[in-house]
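A.B. asks: how would this look folded up:
(one chain, ligands or ions: 2)
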Amino acid sequence: MEIKSVGVIGAGQMGNGIAHVMATAGFDVLLNDISQDALDRAIATIDRNLERQVHRGQLSEADKADALSRIRPTTALAELGQLDLVIESATEKEAVKSGIFESLQPHLAPHTILATNTSSISITRLASRTDRPERFMGLHFMNPVPVMKLVELIRGIATDQKTYDLCLAIVHKLGKTAASSEDFPAFIVNRVLVPMINEACYVLYEGVGDVASIDSAMKLGANHPMGPLELADFIGLDTCLSIMQVLYDGLSDTKYRPCPLLVKYVEAGWLGRKSKRGFYDYNGDEPVPTR
Ligand SMILES: CC(=O)CC(=O)SCCNC(=O)CCNC(=O)[C@H](O)C(C)(C)COP(=O)(O)OP(=O)(O)OC[C@H]1O[C@@H](n2cnc3c(N)ncnc32)[C@H](O)[C@@H]1OP(=O)(O)O
Ligand SMILES: NC(=O)C1=CN([C@@H]2O[C@H](COP(=O)(O)OP(=O)(O)OC[C@H]3O[C@@H](n4cnc5c(N)ncnc54)[C@H](OP(=O)(O)O)[C@@H]3O)[C@@H](O)[C@H]2O)C=CC1
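C.D. replies: Ligands and ions are numbered 1, 2, ... in the order given. Sure thing, here's the model as predicted:
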């Protein structure tokens with residue numbers, strides 16, 4: 001079997017990035033979201049990010065036009081059912097993801113492979129709610145997708161070798177590198193990265209340092225490209241909190257306790273860049289630290 005057509009569910013920052021790299025690699029892409037606004041924003045973002053690549057001489061104008069013509073936005077989930085591969089990249093909530101797979105189920109062709117871009121949730125559990133756990137994979141891209149080289153591959157307990165091999169071949173076709181992770185809460189990258197971000201929230205909460213000191217300490221003192229709070233805003237504070245909750249519940253260890261300040265920010269709707277306020281305020285020309 002050869003994968004030619006790919007569906008992406010959820011047109012947020014990750015969904016648009018996945019659609020972008022799939023289209024530039026020559027796959028036909030159907031991009032789905034419940035909101036037409038989200039689809040419109042996603043196409044505009046893809047256009048802008050493709051333009052960056054043209055500007056830097058990584059892509060020709062013709063390649064950009066080709067890639068854009070391969071992406072079709074739709075709010076009709078059923079349309080994705082006949083594609084070769086469907087990658088779910090909606091909000092990091094298990095009920096949302098299960099609901100999507102349940103709604104997609106009646107429309108699925110027998111050959112379709114299902115994948116999820118979840119940052120933390122059990123692949124085995126998500127797969128068990130479909131009719132094809134043997135053809136279900138965790139395909140975890142990193143943000144920003146057009147730039148980051150890694151994709152984590154996670155098999156559920158029932159995933160078959162053929163599905164794993166097809167997903168690995170796709171990662172290679174995208175020019176990216178795969179790292180294989182067992183199906184444990186938050187896999188490899190986020191098991192290490194997100195507790196570090198959560199600890200930075202505690203450092204802020206306990207008054208050890210302010211936002212600017214924490215970020216500049218980690219950028220200049222540990223050579224991280226972004227400080228942990230800047231990175232949290234970039235990922236989305238709701239996503240960071242969901243990952244911590246999965247780690248806390250899944251590993252039953254208090255060392256993963258979500259920082260109360262992170263909880264409060266999410267409850268306030270301060271989700272980072274996507275809501276224009278998180279540890280920084282993004283309403284002006286430059287991000288301004290809020291504490
Ligand atoms: C939560 C999860 O489940 C898993 C995760 O993804 S965790 C998050 C993982 N990601 C990270 O840790 C990112 C850390 N940050 C970085 O690596 C860098 O800050 C960055 C790559 C995002 C930006 O780098 P920078 O040097 O500040 O910006 P800049 O020089 O403007 O851009 C560098 C490149 O990124 C591209 N780029 C920057 N932001 C981009 C975006 N949002 N979308 C697409 N491309 C982008 C630029 O076009 C440029 O590409 P080339 O050099 O190949 O031409
Ligand atoms: N942010 C990151 O750095 C990374 C995130 N991920 C994972 O990728 C997934 C998406 O995250 P991200 O793109 O950041 O999140 P965003 O909040 O940017 O986007 C999520 C999108 O999914 C949409 N959505 C919600 N419910 C449905 C549904 N039932 N059907 C279709 N679309 C739906 C949302 O719409 P609306 O806004 O209207 O609710 C929104 O447009 C998550 O699982 C996350 O953990 C993986 C790697 C990195």
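A.B. asks: Please work out which residues outside the helix or strand in which A44 is found touch it.
C.D. replies: If you go by DSSP states H and E, A44 is part of helix 36-55. For helix 36-55, contacts defined as C-beta atoms under 8 Å, 6 or more residues apart in numbering pick out 11-13, 15-17, 19-20, 23-24, 31-33, 59-61, 63-64, 67-68, 71, 73-75, 144, 146. Placement of C-beta: from N, CA and C, glycine included.
A.B. asks: Generate a ChimeraX selection restricted to the buried subset of those residues.
C.D. replies: Here is the ChimeraX command that picks out the buried ones among the contacts of helix 36-55, judged by 16 or more other C-beta atoms under 10 Å:
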select :11,12,13,15,16,17,19,20,23,24,31,32,33,59,64,67,71,73,74,146
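A.B. asks: Can you show me the CA trace of the next helix or strand after the helix holding A44 as PDB?
C.D. replies: Per DSSP H and E, helix 36-55 leads on to helix 61-69 as the next helix or strand towards the C-terminus. The C-alpha coordinates for helix 61-69 follow below in PDB (Å, rounded to 0.1, in the frame of the first residue of the first chain):
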ATOM      1  CA  GLU A  61       7.000  30.100  -6.200                       C
ATOM      2  CA  ALA A  62       5.800  27.200  -8.300                       C
ATOM      3  CA  ASP A  63       6.400  24.700  -5.400                       C
ATOM      4  CA  LYS A  64       4.500  27.000  -3.000                       C
ATOM      5  CA  ALA A  65       1.500  27.300  -5.400                       C
ATOM      6  CA  ASP A  66       1.600  23.400  -5.900                       C
ATOM      7  CA  ALA A  67       1.600  22.900  -2.100                       C
ATOM      8  CA  LEU A  68      -1.300  25.300  -1.600                       C
ATOM      9  CA  SER A  69      -3.300  23.700  -4.300                       C
END
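A.B. asks: Could you pick out the residues of the stretch 101-250 of the chain near ligand 1 for me?
C.D. replies: For the stretch 101-250 of the chain, the residues in contact with ligand 1 (C-beta under 6 Å from any ligand atom) are 119, 142-144, 146-148, 189-190, 193, 225-226, 231, 235, 239.
A.B. asks: before we move on, the earlier item: give the buried residues for the helix holding A44.
C.D. replies: Result for helix 36-55 [16+ other C-beta under 10 Å]: buried residues 38-39, 41-43, 45-46, 49-50, 53.
A.B. asks: now the angle between helix 61-69 and that helix, please.
C.D. replies: For helix 36-55 against helix 61-69, the angle by axes from the mean of the first three to the mean of the last three C-alpha atoms, to 10 degrees is 160 degrees.
A.B. asks: OK, contacts around whichever residue of the chain sits closest to ligand 2?
C.D. replies: Nearest residue of the chain to ligand 2: G12, at 1.7 Å (C-beta to the nearest ligand atom). By C-beta under 8 Å, 6+ apart, the contact list for G12 reads 33, 38, 42, 89-91, 274.
A.B. asks: likewise N198?
C.D. replies: 240, 244, 256, 258-259, 262.
A.B. asks: Within range of ligand 2, give me the residues from the stretch 1-150 of the chain.
C.D. replies: Counting by C-beta under 6 Å from any ligand atom, the residues of the stretch 1-150 of the chain near ligand 2 are 9-15, 32-35, 38, 89-92, 96, 100, 117-119, 141, 143.
A.B. asks: Most neighbours out of the contacts of N198, which is it?
C.D. replies: Of all these, the highest neighbour tally under other C-beta atoms under 10 Å goes to C240, namely 30 neighbours.
A.B. asks: helices or strands up against the helix or strand where that residue lies?
C.D. replies: When elements are assigned from DSSP H and E, C240 belongs to helix 237-251. With contacts taken as 3 or more C-beta pairs under 8 Å, 6 or more residues apart in numbering; DSSP states H and E, helix 237-251 sits against helix 189-205, helix 260-267.
A.B. asks: So what's the gap between it and the chain middle?
C.D. replies: In this view, helix 237-251 has its centroid 14 Å away from the chain centroid, taken as C-alpha atoms, centre = their mean, to the nearest Å.
A.B. asks: what mean pLDDT would you report for that helix?
C.D. replies: Averaged across helix 237-251, pLDDT comes to 98.
A.B. asks: can you check stretch 176-191 too?
C.D. replies: Here stretch 176-191 scores 98 as its mean pLDDT.
A.B. asks: cool, stretch 5-22 as well?
C.D. replies: 98.
A.B. asks: Over to stretch 107-123?
C.D. replies: 98.
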